[in-house]
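> the sequence and its predicted three-dimensional model are supplied below.
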Amino acid sequence: MTRDIINVQYPTLDHTESVANIGITASKVTQANGVTIADAFSNKNNSLFIIINNTATESLLTVKAGDAYPNSMLGDIVIELPAGISAIQLQDLSRFEKSDGSIDLDFATGFTGNIYAIAKWAGVREV
C-alpha cells in the first residue's frame, strides 16, 4: 500500500513571540491508502495534534505501532471517530513512532474526510 504523506504544520510567531498563528491546509483522506504523518515526532514535546474532520458517519481510526522503541510491542490502537471534527493527541509517542520519526494511520472502510496535523516548535529559536 502506498500511503498518502502529510506534514506537520507549525505556527508562525509574531515579532513579540506572544502570539502564534497557523494557517491550516487540510488534506483529503484516501481511505484505502491510509496516511503517514512525516516527521510527526521531530518536536518531541507532546504538542502534536492530529485533527480529523470525519464527513462520514461514526468510523474507526487505527494508530499503527511504530518500530523505533521497545514499547511498540504494545501494538496498534483503534479509536472511535465520531462524525464531525476530532482532535487527537498522542501521549505515548514512542509506542507509535517509526524509525524515520513518522506515524502511520489507517481508516476504516467507508471513512471520508480530511486530516491535518499541527504542533508547536520545541525549544527556543535563535535570535
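That came through, no problem.
> name the helix or strand for Leu105, please.
Counting by DSSP states H and E, the element that carries Leu105 is strand 103-107.
> where exactly do the strands run in the protein?
4-9, 12-13, 20-21, 27-28, 35-38, 49-54, 59-63, 77-81, 84-89, 103-107, 113-118 (DSSP state E).
> could you tell me the angle between the last one and strand 4-9?
So that's strand 113-118. 40 degrees (axes from the mean of the first three to the mean of the last three Cα atoms, to 10 degrees).
> quick revisit: the strand holding Leu105: which residues count as buried?
Using 16 or more other Cβ atoms under 10 Å as the test for burial, strand 103-107 gives 103-107. (Each C-beta comes from the backbone N, C-alpha and C, glycine too.)
> now find how far off-centre it is within its chain.
8 Å (Cα atoms, centre = their mean, to the nearest Å).
> packing partners of that strand?
Secondary-structure packing of strand 103-107 (3 or more Cβ pairs under 8 Å, 6 or more residues apart in numbering; DSSP states H and E): strand 35-38, strand 59-63.
> paired strands for the least confident helix or strand in the chain by mean pLDDT, with orientation please.
Taking mean pLDDT, DSSP states H and E as the measure, the chain has strand 12-13 as its least confident helix or strand, at a mean of 75. Its sheet considered, strand 12-13 pairs with strand 20-21 (antiparallel) by DSSP bridges.
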